[in-house]
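Participant: fold the following for me, if possible:
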Amino acid sequence: MRPDTRYLADVVRRGIRQLFTLGLFDDVWVEQRERPGHVDLVVHVIERPRITRVEFAGNRRREDSDLEKKQVVRAGQVYSPATVQAQVDSLVRYYKDEGFAQVEVRAEKDTTGGEIALRFLIREGERVRITGIEFTGNTAFADKKLRKQLKTKKRGFFGGGHVKEEQFPENREKLERWYRSRGYRDARLVDQTLLPTGDPRNLTLRVEVYEGPRYYFGGAAFTGNEILADADFTKMWEPDPGDVYDVSKVEAATGAAYAEYAERGYLYVHIEPRETVTDSLVALTFAVTEGKPSHVRYVEISGNRGTREKVIRREIDIHEGDRFRRSQLVRTQGDIFRLGLFEDVQIDFSPADSTDVDIRLKVKEKQVGTASAGAGYTSESGLTGFLELGHNNVLGNGQSLSLHLERGSQREDYSLSFTEPWFRDTPTLLGFSLFNSTRDRDLFEERRRGGAGRIGRPLPWPDYSRGSISYRLESVRIDQLGELTTADSVALGGIELGRNLLTSSVTTSFLRNSTDNPFYPTRGTRLQVEDEFAGGPFGGTVHFHKHRIEGRWYTRTPLIRPFTTMFRGRIGLLGEYGDQNLTRVPDYERFRLGGGTTLDPLRGYDDYQVVPEKYIRDVVVTEAKYDTLGNLISGPATVRVRYPGGRFMSVWSMEQQFAIVHPLHGVFFLDAGNTWDLFDEIRPFDLQVGAGIGFRLEIPLLGNIGFDYGYGFHRDDGPRWAGHFLIGNVSF
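Facilitator: Below you'll find the predicted structure:
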């Protein structure tokens with residue numbers, strides 16, 4: 001309403017309503033004062049008073065500070081009955097969530113002085129628990145079985161029994177679905193009532209159900225389907241005529257049909273299962289409206305700030321113009337996850353022109369660069385300091401670069417590696433590595449210097465697989481530590497002291513990886529086979545062939561959905577060529593198990609502790625000393641030497657992996673493994689066993705770190721616990 005505008009009664013009424021909606025006035029009215037040719041309007045209002053303070057009274061079990069967290073009405077606000085009622089409802093809901101099912105709350109206002117002091121009067125009542133759940137109307141199933149289907153639980157030894165009325169709708173949904181999956185198509189939950197008992201703190205939940213008759217499946221027919229034949233539908237429809245009616249099987253068949261149509265590109269299909277009831281038989285007709293197939297118009301990528309789009313796009317299995325395929329969409333998501341560059345990969349599609357769709361791929365990058373420095377300790381290398389720099393996405397191209405520098409009293413390790421996964425924009429992998437390491441192994445110092453190059457390509461079959469071939473040129477030198485004699489060294493495996501041994505080898509590798517996550521898989525398999533051939537036609541001073549096979553299988557743990565079960569098996573073989581003497585196989589290439597970060601880990605045991613029993617011996621490094629009277633001054637000093645290892649090995653593991661709080665994960669593990677020297681010494685069930693618990697954590701700039709604490713049951717120095725730190729870019 002503005003001056004000099006035409007007077008309209010509807011406009012005046014609308015203005016009054018708008019003033020009321022402000023919530024500032026208790027009453028609004030308009031007075032009209034007429035004069036020639038004009039009407040003056042006088043708007044009268046009665047303002048609502050403001051709230052000067054808010055108090056709580058009657059609350060004995062809960063402090064004012066607890067109630068203030070649920071406060072909607074505050075001092076200084078304009079008084080509004082609707083807001084006050086909302087505050088009452090909020091307090092009632094809070095108390096009932098805390099177990100005070102009989103709580104009563106009312107608001108009382110003091111209008112002295114034109115302002116309002118608001119007080120909420122609370123009668124808490126007893127804190128109650130549901131101590132019993134009983135059913136009425138049920139004849140087909142006992143109360144005990146029906147209680148398991150409810151969201152609401154009665155109080156037990158470990159607590160529970162909370163009165164939460166918001167669970168009642170879920171009780172209805174779960175129980176009715178459970179009945180309808182067991183033949184009772186008409187079953188329904190009639191009522192849920194809380195009843196008092198002799199103890200005012202205890203309540204009984206009474207659930208009234210109507211079961212109705214039990215139904216059975218009749219025949220099944222399909223109409224309107226042309227793309228999928230009746231035979232295709234029959235494969236999805238499991239029940240036979242006469243089977244007990246189960247609504248979940250109807251839904252499963254419908255979902256399977258939708259998935260099959262999506263796989264063939266039909267996204268706008270409509271499938272309606274129609275039920276016809278005759279006596280106790282339910283006949284089904286799946287009415288299908290197929291529509292037209294869908295093609296991909298655009299594939300859009302978002303969220304990649306540091307990764308070039310081509311790195312993601314080259315992993316996409318479905319492209320613009322292709323017929324939509326659900327399996328290709330799932331494959332694309334898995335392939336991008338397996339890059340290890342992203343924390344999350346979400347794929348969705350939206351309607352485009354006609355029946356076509358746009359695919360929207362949204363990624364969430366994670367920190368893949370590592371830069372860490374510090375100190376560590378292991379039983380193998382003692383105290384060491386290290387510096388590690390690495391990046392798995394150099395310049396956003398998906399390339400990997402790693403530099404590792406480590407130095408300690410018993411170990412020096414320097415390495416540099418680079419990998420290009422798509423050389424010249426083709427799926428050809430090229431990589432190289434350079435290394436220089438010196439390590440003390442029992443009584444010997446082992447020095448390794450060399451480099452390696454690798455080339456690989458995806459294989460057309462089997463799926464998810466890649467093959468590669470690499471060449472390694474390495475110089476190895478074993479030097480004596482302490483006062484060990486040459487005779488002693490020969491007795492410990494024929495170690496050639498002080499001589500540079502040149503290894504020239506070619507390794508072929510096969511990898512098939514269908515897991516759904518590079519670090520924490522929940523399903524899929526991983527199979528890796530490596531065969532190394534050294535010497536012979538490749539030259540060098542050592543001659544051997546070495547083979548490793550490792551397989552992993554991941555699956556969701558039955559009945560414990562947050563857990564993932566992993567089974568892993570690893571076997572190895574080291575052999576010589578036909579015209580070669582057995583002693584010519586290099587001792588340092590043999591298998592030695594133990595530790596958590598070694599090439600062949602066995603948790604619960606020290607690094608390289610598990611070797612064939614005949615190679616475990618105590619060697620005297622300091623003779624006993626006596627005085628002139630023949631009294632012993634100091635006894636002989638011995639060192640337990642476990643060298644060399646075996647030509648055959650096997651390690652078996654089972655893990656229960658679970659997320660604790662992202663990004664912290666936990667694992668329970670059981671490891672078993674052993675090594676053997678000769679083929680006729682192999683005892684596949686004579687295994688060293690370790691078990692324990694571990695933790696995993698992925699930290700930006702540090703990569704994966706973890707700690708495993710395992711108990712070695714068959715250690716040669718007695719059963720005990722051993723800890724294993726895992727630091728750096730380690731794949732668990």
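
Participant: show me what residue 534 bridges to in the sheet.
Facilitator: residue 505, residue 544 (DSSP bridges).

Participant: identify the residues contacting it.
Facilitator: Residues near residue 534 by C-beta atoms under 8 Å, 6 or more residues apart in numbering: 503, 504, 505, 540, 542, 543, 544, 545, 546. Using the backbone N, CA and C atoms, a C-beta is placed for each residue, glycine as well.

Participant: and the closest residue in space to residue 713 that isn't next to it in sequence, how far from residue 724?
Facilitator: Nearest residue to residue 713 in three dimensions, chain neighbours excluded: residue 689, at 4.6 Å (C-beta to C-beta, 6 or more residues apart in numbering). Residue 689 sits 16 Å away from residue 724 when distances are taken as C-beta to C-beta, to the nearest Å.

Participant: more crowded one of the two?
Facilitator: Ranked by neighbour count (other C-beta atoms under 10 Å), residue 689 and residue 724 place residue 724 first, with 25 against 19.

Participant: buried residues, the helix or strand hosting the more buried one. List them.
Facilitator: Using DSSP states H and E, residue 724 sits within strand 720-726. Neighbour-count burial for strand 720-726 flags 722, 723, 724, 726 (criterion: 16 or more other C-beta atoms under 10 Å).

Participant: surely the last one is in contact with residue 595?
Facilitator: To tie it back to what came earlier, the one meant is residue 726. No. Counting by C-beta atoms under 8 Å, residue 726 sits too far from residue 595 to count as a contact (10.2 Å).

Participant: how about the helices in this structure?
Facilitator: 9-21, 64-68, 81-97, 143-147, 168-180, 230-236, 247-263, 309-313, 326-337, 486-491 (DSSP state H).

Participant: using a markdown table, lay out those helices together with mean pLDDT and distance to residue 47.
Facilitator: Formatted as a markdown table, the helices of the chain follow (pLDDT from 0 to 100; distance: least, C-beta to C-beta, whole Å):
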| stretch | mean pLDDT | distance to residue 47 |
| --- | --- | --- |
| helix 9-21 | 75 | 11 |
| helix 64-68 | 86 | 27 |
| helix 81-97 | 86 | 15 |
| helix 143-147 | 94 | 56 |
| helix 168-180 | 95 | 42 |
| helix 230-236 | 91 | 68 |
| helix 247-263 | 94 | 58 |
| helix 309-313 | 95 | 61 |
| helix 326-337 | 91 | 60 |
| helix 486-491 | 47 | 102 |
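
Participant: figure out which of those is closest to residue 427.
Facilitator: With C-beta to C-beta as the measure, helix 326-337 is the member of those nearest residue 427 (11.4 Å).

Participant: quick check: angle from the closest one to helix 247-263?
Facilitator: When axes from the mean of the first three to the mean of the last three C-alpha atoms, to 10 degrees is applied, the directions of helix 326-337 and helix 247-263 differ by 80 degrees.

Participant: so how far is helix 326-337 off the chain centroid?
Facilitator: Distance, stretch centre to chain centre, for helix 326-337: 18 Å (C-alpha atoms, centre = their mean, to the nearest Å).

Participant: what do you get for stretch 179-196?
Facilitator: Taking C-alpha atoms, centre = their mean, one finds stretch 179-196 lying 36 Å from the centre of the chain it belongs to.

Participant: that stretch: which residues count as buried?
Facilitator: Within stretch 179-196, the residues that qualify as buried are 179, 180, 181, 182, 183, 184, 185, 187, 188, 189, 192, counting by 16+ other C-beta under 10 Å.

Participant: stretch 654-665 now?
Facilitator: Neighbour-count burial for stretch 654-665 [16+ other C-beta under 10 Å]: 655, 656, 657, 658, 663, 665.

Participant: now that stretch: mean pLDDT?
Facilitator: Stretch 654-665 carries an average pLDDT of 90.

Participant: could you export it as PDB, keeping only the C-alpha atoms?
Facilitator: Taking Å, rounded to 0.1, in the frame of the first residue of the first chain, the C-alpha atoms of stretch 654-665 are listed here in PDB:
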ATOM      1  CA  MET A 654      45.100 -64.800   6.400                       C
ATOM      2  CA  GLU A 655      44.100 -61.300   7.500                       C
ATOM      3  CA  GLN A 656      40.900 -59.600   8.800                       C
ATOM      4  CA  GLN A 657      41.200 -56.000   7.700                       C
ATOM      5  CA  PHE A 658      38.900 -53.300   8.900                       C
ATOM      6  CA  ALA A 659      38.600 -49.500   9.000                       C
ATOM      7  CA  ILE A 660      38.800 -47.900  12.500                       C
ATOM      8  CA  VAL A 661      38.500 -44.100  11.800                       C
ATOM      9  CA  HIS A 662      39.500 -42.900   8.400                       C
ATOM     10  CA  PRO A 663      42.300 -43.000   7.400                       C
ATOM     11  CA  LEU A 664      43.300 -45.400  10.200                       C
ATOM     12  CA  HIS A 665      42.800 -49.200   9.500                       C
END
